[in-house]
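1. Sequence and computational prediction follow.
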Amino acid sequence: VIGRAGIGVDNVDIPVASKQGVIVMNAPFGNSVTTAEHTVALALAASRHIASATASTKAGKWEKNRFMGRELGGKTLGIIGTGNIGSLVVERFQGLKMKVIAYDPFLSRQRAEDMGVELIDDLDQFWPRIDLLTVHTPLTRQTQHIVNADAFAKMKKGVIIVNCARGGIIEEQALYEALTSGKVFAAALDVFEKEPATSHPLFELENVVCTPHLGASTVEAQENVAIQIAEQIADYLLNGTVQNALNIPAVSEGELSILRPFLNLADKLGTMMGQLTDRGIERIEVTYEGEVSQLNRKPITNVLLNSLLTPILETGVNIVNAPLIAEERGIEVVEAINKRCRTGFTSMITVGVATSTGERCISGTLFNNGQQPRIVSMNHVPIEATPEGNLLLVANQDSPGLIGRVGTILGNHEINIANFHLGRASAGGRAIAFINVDQDVPEAVMQVLREVPNVLEVKLVRY
């Protein structure tokens with residue numbers, strides 16, 4: 001067993017550990033409080049020019065009129081991401097008598113109400129209202145540069161920006177321009193796109209407070225995560241109990257050999273659904289049909305939830321805590337079983353997700369003697385697709401010539417098609433294409449595809 005005293009496991013080769021049968025554990029929650037406190041500290045430091053005023057005073061100056069600050073009490077905090085750390089940040093700023101509005105596509109309205117925050121669905125309505133912005137999300141395709149030049153343009157003058165999450169969530173060049181123009185009053189950064197950040201244009205600005213990724217750097221946090229991981233390792237070695245494992249479910253060795261193909265299938269289905277979902281999840285339903293319905297389903301469901309939630313939630317989601325995180329965020333998780341498989345397959349797993357804007361479901365099974373995952377249905381439209389590499393989804397209204405236009409666009413952009421899978425509900429009805437491509441598909445190319453007549457949706461799933 002390998003134990004990481006903290007959240008990040010960038011220094012552990014998890015795929016190799018998995019192949020060697022080595023369990024990798026982390027301690028995802030021991031440093032949450034200290035990161036939340038650092039966020040508050042940086043916000044206060046930025047609003048009151050603490051760093052600049054300290055340097056000035058130590059230099060023998062007494063520039064009392066130079067460092068005019070801003071109060072936070074009574075102002076509006078805008079928070080992006082309200083997971084484990086984000087929820088603690090909300091509590092602390094509420095203690096400073098700030099009104100809190102949140103943008104989090106995966107936070108239910110009931111959970112937002114319980115937290116005492118106003119949930120905003122549209123960023124265009126979010127940006128103009130905030131006086132202080134803090135971000136607490138993982139760095140994903142959805143969150144990279146979510147705070148950009150367009151966002152700054154929509155904010156009120158004098159906003160304060162704080163980032164103790166991940167570098168790259170805020171576009172640094174756009175932040176620099178907003179700071180120098182006066183649009184942003186001050187910024188406080190604990191993280192940067194490239195670390196270690198030993199030089200940076202932002203360092204030249206007096207209204208920027210910087211720390212070298214100190215979010216988890218307190219004596220208490222380091223003790224907490226050290227004790228937590230030591231207890232987890234001891235519990236595993238002495239009792240066989242697996243907690244906060246990142247690479248295997250809590251099952252016996254005998255069960256694992258039987259479950260492994262279905263765990264792989266669940267991982268593929270969850271990864272796809274997680275990347276296709278871009279609105280708040282209200283309900284996840286997992287249906288097991290045929291032989292798989294008679295197996296130990298809990299680890300399969302946990303793997304599926306982990307893969308589904310990981311692309312859209314904070315670092316720290318794993319196969320052990322994924323059900324708890326779903327519950328905390330107001331997501332209903334339901335399992336259903338059918339001993340007989342309706343479609344003739346020996347086993348099938350279907351995952352359905354209901355969001356604030358609609359529902360989507362994907363079904364998969366195992367081919368080649370139960371070893372190779374296959375997608376066999378999407379939104380009840382039969383289709384066969386291999387979930388690997390770069391898988392492009394094109395949903396459309398069935399019409400002549402559309403396949404050719406899609407292929408031409410991809411070819412014109414030097415994107416090679418490996419496999420092209422088609423399915424449709426009826427002639428002229430809703431149709432689906434899953435296209436395995438050899439290259440990544442840039443967002444600009446997907447936008448061209450979306451503009452093709454009768455195309456309803458274009459998404460890319462990366463495995």
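-> Yep, it's here.
2. Just the strands from the stretch 101-250 of the chain, written as ranges.
-> Secondary structure of the stretch 101-250 of the chain (DSSP state E, counting those that start in this stretch): strands at 118-119, 132-135, 159-163, 184-189, 208-210.
3. so can I have JSON lines of those strands showing mean neighbour count and distance to residue 77?
-> For the C-beta atoms, the positions are set from N, CA and C on the backbone; glycine is no exception. Shown next, in JSON lines, are the strands of the stretch 101-250 of the chain (neighbours: other C-beta atoms under 10 Å; distance: least, C-beta to C-beta, whole Å):
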{"stretch": "strand 118-119", "mean neighbour count": "17", "distance to residue 77": "11"}
{"stretch": "strand 132-135", "mean neighbour count": "26", "distance to residue 77": "5"}
{"stretch": "strand 159-163", "mean neighbour count": "26", "distance to residue 77": "10"}
{"stretch": "strand 184-189", "mean neighbour count": "25", "distance to residue 77": "13"}
{"stretch": "strand 208-210", "mean neighbour count": "21", "distance to residue 77": "17"}
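4. wait, which of those strands is closest to residue 28?
-> strand 132-135 (18.4 Å; C-beta to C-beta).
5. can you list contacts of the closest one?
-> 39, 43, 47, 72, 75-81, 89, 93, 98, 143, 146-147, 155, 159-165, 169-170 (C-beta atoms under 8 Å, 6 or more residues apart in numbering).
6. Could you do stretch 196-205 as well?
-> For stretch 196-205, using C-beta under 8 Å, 6+ apart, the contacting residues are 167, 172, 175-176, 179-180, 187, 189, 192, 208, 210, 212.
7. can I assume residue 448 sits in a strand?
-> No. Residue 448: not assigned to a strand; according to DSSP: H, G, I helix; E, B strand; the rest coil it is helix.
8. That one: neighbour count?
-> Close neighbours of residue 448, defined as other C-beta atoms under 10 Å, add up to 16.
9. Quick check: it touching residue 409?
-> Yes. At 5.6 Å, residue 448 counts as touching residue 409 under the criterion of C-beta atoms under 8 Å.
10. Need the residues touching each of the two.
-> Counting by C-beta under 8 Å, 6+ apart, nothing touches both residue 448 and residue 409.
11. In CSV: the strands of the stretch 101-250 of the chain, plus mean pLDDT and distance to residue 222.
-> CSV is the format used below for these (pLDDT from 0 to 100; distance: least, C-beta to C-beta, whole Å):
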stretch, mean pLDDT, distance to residue 222
strand 118-119, 96, 34
strand 132-135, 98, 23
strand 159-163, 98, 22
strand 184-189, 98, 22
strand 208-210, 97, 22
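12. Where does pLDDT dip in the protein?
-> 18-21, 240, 248-254, 314-316, 320 (pLDDT under 70).
13. Quickly list the domain ranges of it.
-> 2-28+218-239, 32-210 (automatic domain parsing).
14. Format those as CSV; extra columns: distance to residue 402.
-> Below are these laid out as CSV (distance: least, C-beta to C-beta, whole Å):
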stretch, distance to residue 402
domain 2-28+218-239, 38
domain 32-210, 26
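15. Could you look over these and pick the most buried one?
-> domain 32-210 (a mean of 18; mean count of other C-beta atoms under 10 Å).
16. Could you check how far it is from the centre of its chain?
-> Distance, stretch centre to chain centre, for domain 32-210: 19 Å (C-alpha atoms, centre = their mean, to the nearest Å).
17. How about stretch 196-214?
-> The answer for stretch 196-214 is 26 Å, by C-alpha atoms, centre = their mean.
18. Which parts of the stretch 251-400 of the chain are helices?
-> For the stretch 251-400 of the chain, applying DSSP state H, counting those that start in this stretch gives helices covering 253-276, 298-309, 322-328.
19. Comparing the ones you listed, which comes out most buried?
-> Comparing the helices of the stretch 251-400 of the chain by mean count of other C-beta under 10 Å gives helix 298-309 as most buried, with a mean of 24.
20. which residues are contacting it?
-> Contacts of helix 298-309 (C-beta under 8 Å, 6+ apart): 106, 249-251, 255, 259, 262-263, 266-271, 273-274, 277, 284, 286, 288, 292, 317-320, 322-323, 325-326, 333, 335, 349, 351, 353.
21. What is the neighbour count of residue 215?
-> Residue 215: 21 neighbours (other C-beta under 10 Å).
22. what's the answer for residue 217, then?
-> 15.
23. quick one: contacts for it?
-> Per C-beta under 8 Å, 6+ apart, neighbours of residue 217: residue 34.
24. Tell me which two in the contacts of stretch 196-205 are the farthest apart.
-> Of all the pairs that the contacts of stretch 196-205 form, the one spanning the most space (C-beta to C-beta) is 180 and 212, at 23.1 Å.
25. how long is stretch 426-442 end to end?
-> 31 Å (C-alpha to C-alpha, to the nearest Å).
26. Find the centremost residue of this structure, please.
-> residue 312 (2.5 Å; C-alpha atoms, centre = their mean).
27. quick revisit: of the helices of the stretch 251-400 of the chain, which is nearest residue 28?
-> Among these, if distance is taken as C-beta to C-beta, the winner is helix 322-328, at 9.9 Å.
28. Off-centre distance for the closest one?
-> Worked out by C-alpha atoms, centre = their mean, helix 322-328 lies 14 Å from the chain centre.
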